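S.K.: This is the structure alone, sequence omitted:
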């Protein structure tokens, strides 16, 4: 019996099994949280065990029976999803009973869907066949619909339906790309041989397939012009789910881009230019549109679209340092959006509204939340000593070196606009005197919610100052992407 294989499979088996157990047990909230954390602990053990094998092995990937394929990038993605899920579960422990007490009987289903979604994502990161990866991603998208529409209000249901319609139709284009590649080559489309497959295609077929993959994975990531589902989905879902979407679910789109479009961009300059143009539009317009938002979660959502444009542009730069910057910024984006969304969720917990005008009526006493929000906002601007500074500068320099200086300028301007929008909002909420008075509320902020937002904010500084703590994982991921596209 291959014990290494069993340990590797725990990353998706544990969440799947525990998700089903929670669904059928129908126990209380605390039991659901404990069981969920136990399953993620097993998944984390599996991920670190896989990384240990890879680090001390002779190969850049783990291949099991020609069916499972796990390399440094897949391990990085698993780690990030599991890391995010821990905070989602902890945050939900306090958020759900306060904001969604009318859905108490469905709390077990909520945690079950989160774990099953993690299982689908982790299995997608472990597969070699692109068609099977597509199926896993589709199933994870369907599960996410319930989480978005959890509140069952008219707005939440509309957001969930729009997500289901746009994302599932969009990613069908990726399926067409897989079908065309299979038709042209007569062989299964595997991650491990993507570079060789792309180089064997005719130019016209390669351009067609690349365009289909761009549409599919740009839609999944929520990048412009396929972003229409993202602001409403982020705004209407529970704050913990918003972080789950921003930190884990949308990252699947970048996984697809790095596995497919990066290989096409390496062979076709037209595809590289197209992606850079689209990502530059995402960076600029995402930042600009954030200025018009009175819903604070939508404001952060548009800033997120801008940041994600930077990540996507890094995956078509055809250099180790470009991929390194892109992978690192994926992690930083997760930390930034965690600090911002979870601190905002705490404010919504106190006043019961997402409107900036309503939140500004709160007493100016939430100093820890202020710190978390400001750190997250400054990190969005790529300022030192936050970890986003190093990743953003790396991508900017690589864009300039590869003759995309205009895109690096747009990136810098977009970051400046985003941070101004966030700091202006912070001024209105935390410092500006409100003539209407303060909101009277007896609600106290749970320590667990404060801890979750502050911990992620502190990590932005720790990883920025001591980048070596995460360097090995990012280095392995960047090298793995290069190995599969060549």
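M.R.: Nice, I can see it. The structure presented is a predicted model; accordingly, all values stated were derived computationally and were not measured.
S.K.: tell me which element the closest residue to residue 168 other than its chain neighbours falls in.
M.R.: Nearest non-adjacent residue to residue 168, counting by CB to CB, 6 or more residues apart in numbering: residue 141, 6.0 Å away. (C-beta placed from N, C-alpha, C; glycine too.) Element membership of residue 141, judged by DSSP states H and E, is helix 130-148.
S.K.: What mean pLDDT does that helix get?
M.R.: Model confidence over helix 130-148, given as mean pLDDT, is 88.
S.K.: Also stretch 389-408?
M.R.: 87.
S.K.: Show me which positions of it end up buried.
M.R.: For stretch 389-408, the neighbour count (16 or more other CB atoms under 10 Å) marks 389-392, 394-396, 398-399, 402, 404, 407-408 as buried.
S.K.: and if you look at stretch 220-232?
M.R.: For stretch 220-232, a neighbour-count test (16+ other CB under 10 Å) marks 220-224, 226-227, 229-232 as buried.
S.K.: list the helices and strands the helix or strand that comes right after the helix holding residue 141 packs on?
M.R.: On the C-terminal side of helix 130-148, the closest following helix or strand by DSSP H and E is helix 154-185. In terms of contacts (3 or more CB pairs under 8 Å, 6 or more residues apart in numbering; DSSP states H and E), helix 154-185 is packed against helix 130-148, helix 194-200, helix 203-221, helix 230-236.
S.K.: Pull the residues that contact the third one.
M.R.: In other words, helix 203-221. Helix 203-221 is contacted by residues 137, 141, 166-167, 169-177, 180-181, 184, 198, 201, 226, 250-254, 256-257, 260-261, 264-265, 267-268, 270-271, 274-275, 278, 308, 312 when judged by CB atoms under 8 Å, 6 or more residues apart in numbering.
S.K.: Quick check: residue 138 vs residue 117, distance?
M.R.: Using CB to CB, to the nearest Å, residue 138 is found at 12 Å from residue 117.
S.K.: Neighbour count for the two, which is higher?
M.R.: Remark: of residue 138 and residue 117, residue 117 carries more neighbours, 25 against 19, as counted by other CB atoms under 10 Å.
S.K.: residue contacts, the nearest residue to that one once chain neighbours are set aside?
M.R.: Nearest residue to residue 117, sequence neighbours excluded (CB to CB, 6+ apart): residue 143, at 4.4 Å. Shown in contact with residue 143 (CB under 8 Å, 6+ apart): 113, 116-117, 120.
S.K.: Of these, which belong to helices?
M.R.: Among these, the members found in helices (DSSP state H) are 113, 116-117, 120.
S.K.: Buried subset of those residues, written for PyMOL?
M.R.: Only the buried entries of these go into this PyMOL selection, using 16+ other CB under 10 Å:
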select buried, resi 113+116+117+120
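S.K.: residues of the helix holding residue 141 that come out buried?
M.R.: So, applying 16+ other CB under 10 Å, buried residues of helix 130-148: 130-131, 133-134, 136-148.
S.K.: what ranges of the protein fall below the confidence cut-off?
M.R.: Within the chain, the ranges that satisfy pLDDT under 70 run 1-2, 57-60, 65-66, 361, 363-365, 432-443.
S.K.: show me where it has strands.
M.R.: Assigned by DSSP state E, the strands in the chain fall at 61-64, 68-71.
S.K.: List the neighbouring strands of the first one plus their orientation.
M.R.: In the sheet containing strand 61-64, its partner strands are strand 68-71 (antiparallel), by DSSP bridges.
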